[in-house]
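In: Need a 3D model of the sequence below.
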Amino acid sequence: MMKKTLATLAVCALLFTACHNSDKKATSQADSSKREAIDQPEEVQQISEIITRFVRAYISQDNEKLNALIHPEYGMAIIYRPGVADTFALIDSFDFKKPVPDYYAYPSLQNDQVLAFEKLPSFDCGTDKWDKTGFFCDTTANSQTQLLQTIVKHEEEFESSKYDESQKKRTADLENGSYRVILAQPEESLIFHVKQFGNAWYVTLLDRAYGGCDA
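Out: Numbering: from 1, shown residues only. You can find the predicted model right below:
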């Protein structure tokens, strides 16, 4: 009787350990999908370089230099607001003479701000101003956005077949795990995302909707 009891307890212990390890593995896998915070000097240097290169290319309106920062397979997403709601376009290359949308030219831009890694500014439609101005990137692990996926879900409520699975995957690949950058200025501002693919960094999203409240 005692031997049977001990055997039963041993089996239960093994099952508990297996389930516990399985839960830990599942948790680890779930955590691995989260964006990592950037805090190592080498990582900070890499993200700083892609951010400053993009801003310089945008200011000089240099198509060649800017397109060198766009992923050759995934391209770039551009969010804009044609009316009340935001939408987006997926592009393979960038052309300053062919803006997206075509009625909203890419404006001239200046920047004398130093890039700071801190909480991003917010735009207040009541005052039509930023709560702080400057050049910012939030590299913490908890500031991810789901802008493209939100737009897809909203638009598919009215047109269920608007996006195919490859387009949905592309939008997820462009935004998930990316870092948002805001050059907030009193006049023209610049908002974009950067993301690392393998060992290389790319600009994956340009947000032309946020920072303005015109419908």
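
In: Tell me how far residue 113 lies from residue 56.
Out: Separation of residue 113 from residue 56 (Cβ to Cβ, to the nearest Å): 13 Å. C-beta: built from backbone N, CA, C; applies to glycine.

In: before we move on, what about residue 126?
Out: In terms of Cβ to Cβ, residue 126 sits 33 Å off from residue 56.

In: okay, those two: which has more neighbours?
Out: Neighbour count, other Cβ atoms under 10 Å: between residue 126 and residue 56, residue 56 has more, with 13 against 6.

In: Quick check: that one is in a helix.
Out: Yes: with DSSP: H, G, I helix; E, B strand; the rest coil as the criterion, residue 56 is part of a helix.

In: dump the residue contacts of it.
Out: residue 65 (Cβ atoms under 8 Å, 6 or more residues apart in numbering).

In: wait, isn't residue 143 in contact with residue 120?
Out: Yes: applying Cβ atoms under 8 Å, one finds residue 143 in contact with residue 120, separated by 7.0 Å.

In: Find residues that contact each of those two.
Out: Contacts common to residue 143 and residue 120, judged by Cβ under 8 Å, 6+ apart, are residue 180.

In: So which of those two has more stuff around it?
Out: Taking neighbours as other Cβ under 10 Å, residue 143 and residue 120 compare with residue 120 leading, 17 against 14.

In: Surely the more buried one is in contact with residue 183?
Out: No: counting by Cβ under 8 Å, residue 120 does not reach residue 183; the two are 10.8 Å apart.

In: Name the residues contacting each of these two.
Out: residue 136.

In: what about the strands in the chain?
Out: 76-80, 87-91, 115-117, 123-124, 129-130, 134-137, 179-184, 190-197, 200-207 (DSSP state E).

In: As a markdown table, these with mean neighbour count, distance to residue 49 and mean pLDDT would be great.
Out: A markdown table is the format used below for the strands of the chain (neighbours: other Cβ atoms under 10 Å; distance: least, Cβ to Cβ, whole Å; pLDDT from 0 to 100):
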| stretch | mean neighbour count | distance to residue 49 | mean pLDDT |
| --- | --- | --- | --- |
| strand 76-80 | 21 | 18 | 98 |
| strand 87-91 | 17 | 23 | 98 |
| strand 115-117 | 15 | 10 | 98 |
| strand 123-124 | 14 | 27 | 94 |
| strand 129-130 | 16 | 25 | 95 |
| strand 134-137 | 19 | 12 | 98 |
| strand 179-184 | 23 | 13 | 98 |
| strand 190-197 | 21 | 10 | 98 |
| strand 200-207 | 22 | 7 | 98 |
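
In: Any chance of those strands in JSON lines with distance to residue 161 as columns?
Out: Listed next are the strands of the chain as JSON lines, based on distance: least, Cβ to Cβ, whole Å:
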{"stretch": "strand 76-80", "distance to residue 161": "20"}
{"stretch": "strand 87-91", "distance to residue 161": "16"}
{"stretch": "strand 115-117", "distance to residue 161": "41"}
{"stretch": "strand 123-124", "distance to residue 161": "33"}
{"stretch": "strand 129-130", "distance to residue 161": "38"}
{"stretch": "strand 134-137", "distance to residue 161": "37"}
{"stretch": "strand 179-184", "distance to residue 161": "30"}
{"stretch": "strand 190-197", "distance to residue 161": "27"}
{"stretch": "strand 200-207", "distance to residue 161": "24"}
